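1. Below are the sequence and a predicted model; questions follow.
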Amino acid sequence: MNKRTEVVVAFLFLSVALFAQKGFVIWDKVNNIPVNRASVYTTYMGKVRSTFSDQQGRVVVDFAFDNLTVSHINYQKESVKVLPDTLFMEQSTQLLSEVVVSPVGEPAWVRPMLMGFVKTKARKYRNVGVQRYAYQTQNVGDTVLYRFASNGLVRKNEYFEISPLENVITFKDKSAGCDYGNLKNTLYHDFVSDMDEKFVKEHKFYVDNESENLGANVVRILFKSKKDWKDSGYLCIDTLQNAILRAKRSTGLAYNVQHRTNALVRSTINAMYGHKYKDWQIDIEAVYQQADNYFYLSSCRYSNYMQEVFGGKKKRVEVYNVISTYEAHPWQKDMVGEDAVFLLLPRPFAMKIIVSKKESRQEELLQNVKKAYHIY
């Protein structure tokens with residue numbers, strides 16, 4: 001082997017070694033499964049570089065960093081200065097195992113019970129009085145990092161109303177406003193509120209006889225859409241009270257485009273900007289607790305991963321990975337100060353071309369709340 005060949009071989013070997021060092025795997029330490037759609041990012045002087053783990057938990061880091069942050073809605077945040085071969089993450093919340101469709105057919109009692117739940121849920125699930133809430137959301141894109149935390153009071157009349165008492169925004173500067181988007185999704189589209197007779201008719205149900213001990217009279221029921229798109233999950237139901245205590249639902253691209261956007265608006269924006277959804281995955285996990293004679297949403301974990309493609313002269317792909325958490329508990333009326341100001345929280349929308357003056361005013365009031373900034 002001549003010297004030139006030796007140099008080429010050495011260069012190729014070094015290149016492969018350097019590339020290999022840029023990749024690692026994110027793994028669930030307890031369940032021994034890959035962690036997908038984790039955000040991996042670094043910030044420096046107001047700039048952000050980021051990437052995400054794939055379905056096998058694999059990550060490729062093609063940018064320089066001094067410190068790398070790894071975050072996922074269901075796991076404790078990690079920080080590394082040197083890439084490991086495998087990064088083991090610990091859960092920040094107890095997770096039930098994922099849905100595995102049972103070969104056993106649907107029990108005869110399941111569908112009538114769920115239909116009965118739909119008919120009685122309005123009486124059982126009510127937002128009575130005032131609750132204290134804590135809401136956090138984070139959006140990690142290709143070149144952007146945004147966090148928003150809001151704590152305050154929430155109540156419901158015809159619409160939900162909030163009194164934000166403390167609001168903190170983390171961004172590269174002070175140009176960012178308050179993002180209540182997933183708070184709207186959480187309150188207006190939690191699992192129970194979206195569960196209706198149509199949901200029961202369009203899904204198959206299976207009883208998980210091998211699930212964890214969930215308590216007396218509580219059964220875990222798996223569900224999967226009858227249609228050829230991703231829409232599956234589970235619900236834990238107290239069969240004695242016919243009340244859902246916990247639920248998780250995962251929906252994919254086809255379902256989300258069909259149910260969370262307007263066809264006319266979608267086609268208009270596509271014609272204007274060449275816009276299409278390349279990927280769109282939403283995971284919602286809700287927990288309900290009982291207070292007196294009613295149930296309320298006590299916590300919700302909301303994950304929204306989206307890839308959008310824009311055509312035209314400036315073709316590009318934009319990636320968003322938004323994760324949000326919400327917690328609430330009843331608040332005594334005598335603890336609500338007389339100076340508490342409640343602002344209307346409008347219903348969410350994924351796409352909209354025309355916004356009314358009333359809607360604009362409602363959003364302005366939400367943005368005008370007192371807030372603090374953390375600049376990175």
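-> Everything's here; your move.
2. how about the helices in the stretch 51-200 of the chain?
-> In the stretch 51-200 of the chain, the helices defined using DSSP state H, counting those that start in this stretch lie at 110-124, 181-188, 191-194, 197-201.
3. remind me which residues of the protein are low pLDDT?
-> Segments of the chain classed as low confidence (criterion: pLDDT under 70) are 1-21, 93-104, 210-213, 333-334, 337, 350-354.
4. Can you convert the helices of the stretch 51-200 of the chain into JSON lines and add a column each for mean neighbour count and distance to Q76?
-> The C-beta positions use only the backbone N, C-alpha and C, and glycine is treated the same way. Output for those, formatted as JSON lines (neighbours: other Cβ atoms under 10 Å; distance: least, Cβ to Cβ, whole Å):
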{"stretch": "helix 110-124", "mean neighbour count": "15", "distance to Q76": "34"}
{"stretch": "helix 181-188", "mean neighbour count": "22", "distance to Q76": "21"}
{"stretch": "helix 191-194", "mean neighbour count": "17", "distance to Q76": "25"}
{"stretch": "helix 197-201", "mean neighbour count": "13", "distance to Q76": "33"}
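5. For N293, find the nearest of those.
-> helix 110-124 (8.4 Å; Cβ to Cβ).
6. still on that earlier bit, which one of the helices of the stretch 51-200 of the chain lies closest to V70?
-> helix 181-188 (20.9 Å).
7. Quick one: distance of that closest one to the chain centre.
-> 10 Å (Cα atoms, centre = their mean, to the nearest Å).
8. same thing with stretch 272-289?
-> Distance, centroid of stretch 272-289 to centroid of chain: 8 Å (Cα atoms, centre = their mean).
9. how near is G274 to S267?
-> 12 Å (Cβ to Cβ, to the nearest Å).
10. If you count surrounding residues, which of those two has more?
-> For the pair G274 and S267, the greater number of neighbours falls to G274 (14 against 11), based on other Cβ atoms under 10 Å.
11. Compile the helices of the stretch 51-200 of the chain into a markdown table and extend it with columns for distance to D228.
-> Formatted as a markdown table, the helices of the stretch 51-200 of the chain follow (distance: least, Cβ to Cβ, whole Å):
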| stretch | distance to D228 |
| --- | --- |
| helix 110-124 | 21 |
| helix 181-188 | 25 |
| helix 191-194 | 21 |
| helix 197-201 | 16 |
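12. Figure out which of the ones you listed is closest to A291.
-> Closest of these to A291 is helix 110-124, at 11.5 Å (criterion: Cβ to Cβ).
13. burial measure for C236, as a count.
-> For C236, using other Cβ under 10 Å, the count is 22.
14. can you tell me which residues contact K278?
-> Counting by Cβ atoms under 8 Å, 6 or more residues apart in numbering, K278 touches 253, 307-309, 317.
15. Ok, V369 next?
-> 164, 167, 178, 343.
16. Of these - the most surrounded one?
-> P164 (22 neighbours).
17. ok, of the contacts of K278, which one's closest to N293?
-> Distances from N293 to these, taken by Cβ to Cβ, are shortest for L253, at 40.7 Å.
18. most centrally placed residue in the protein?
-> For the chain, the residue sitting closest to the mean C-alpha position, by Cα atoms, centre = their mean, is S303 at 1.4 Å.
19. Of all the helices of the stretch 51-200 of the chain, which one is nearest I323?
-> Taking the helices of the stretch 51-200 of the chain one by one with Cβ to Cβ, helix 181-188 is closest: 8.5 Å.
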